[in-house]
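Trainee: Give me the fold of what follows.
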Amino acid sequence: MSGTDEGTPYLDPYREAVRDVGAKFEALLWKNAEAQVARFGAISQMCDPTGRVVADLGCGRADYASWMHGTGQEYGRYLGVEGVPELAASARDRITQESLPECSIVEGDFVADEGLFARLVNTHRAETLVFSGSLNTLDQRTAETVIERALHALEPRGIVIFNFLSDRHGDDRIGENTGPATRFDTARFVHWALDRTPLVKFRQDYLKGHDATIAIEKA
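Mentor: Residues are numbered from 1 along each chain as shown. Down below sits the predicted model:
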């Protein structure tokens, strides 16, 4: 496996984790599986995947596809997008092993490749763009640029939904170690979304304020 790429430092924590532990759950840098599932639940409650073509940006091992299938959520089609080749290969293996229906994996870097969202929408007919944990190693300005690009690609309509570590958790977290992840200014992100459309959903209850999810609908 290649070493770190100076042009894509946001992928380095995942590359290093894959190097250390292999393309396993631990390489996704989730705190635990329960927290991941809580985020998936919030996403599906805020944006029903039934019948939709869902693009999972930074899909890792296709955990979201497996979770949707296992909980009986009948998505129309699932497109996993992953920038770390080893994780993309693991996702493909999982789709085969679990016989996940209507699933495919696209290797790509949604930060560096500015045309990726347009291809997902125009070629693959994606209408729901999901970022679950995959913005965590970005700074907030870059994350906003990515979400702006995703919204622009959704023509004439669609939904972008994303989660992130909230800075409005209500706890004293002085000295907190979030590893490579960054806490975002939650109020700023909500205002940023509302500046683009009134069709915004927000939740921060599912992990006791630790995490937040924003859904932006383009209608």
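Trainee: Next up, the contacts around Arg94.
Mentor: 61-62, 66, 100 (C-beta atoms under 8 Å, 6 or more residues apart in numbering). Every C-beta, even on glycine, is put in place using the N, C-alpha and C of the backbone.
Trainee: Highest neighbour count among those residues?
Mentor: Neighbour count (other C-beta atoms under 10 Å) singles out Ala62 as the most crowded of the contacts of Arg94, with 27 neighbours.
Trainee: on that earlier part again, dump the contacts of Arg94 to TSV, plus secondary structure, pLDDT and distance to Val200.
Mentor: Compiled in TSV, these are given as follows (DSSP: H, G, I helix; E, B strand; the rest coil; pLDDT from 0 to 100; distance: C-beta to C-beta, whole Å):
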residue	secondary structure	pLDDT	distance to Val200
Arg61	coil	92	30
Ala62	coil	96	28
Ser66	helix	97	29
Leu100	coil	98	31
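Trainee: Which of the residues you listed sits closest to Glu155?
Mentor: Ala62 (26.8 Å; C-beta to C-beta).
Trainee: Show the pLDDT at the closest residue to the closest one other than its chain neighbours.
Mentor: Of all residues beyond its chain neighbours, the one nearest Ala62 is Ala91 (3.9 Å), with distances taken as C-beta to C-beta, 6 or more residues apart in numbering. Per-residue confidence at Ala91 stands at 96 (pLDDT).
Trainee: Just to be sure, Ala91 is in a helix?
Mentor: Yes: residue assignment for Ala91, taken from DSSP: H, G, I helix; E, B strand; the rest coil, places it within a helix.
Trainee: Begin at 646, not 1, for the rest of this chat.
Mentor: Let's use 646 as the start, then, which means that last one is Ala736.
Trainee: which residues does it contact?
Mentor: Ala736 makes contact with 704-707, 725, 727, 750, according to C-beta under 8 Å, 6+ apart.
Trainee: just checking, Lys846 touches Ile859?
Mentor: Yes: between Lys846 and Ile859 there is a contact under C-beta atoms under 8 Å: 7.1 Å.
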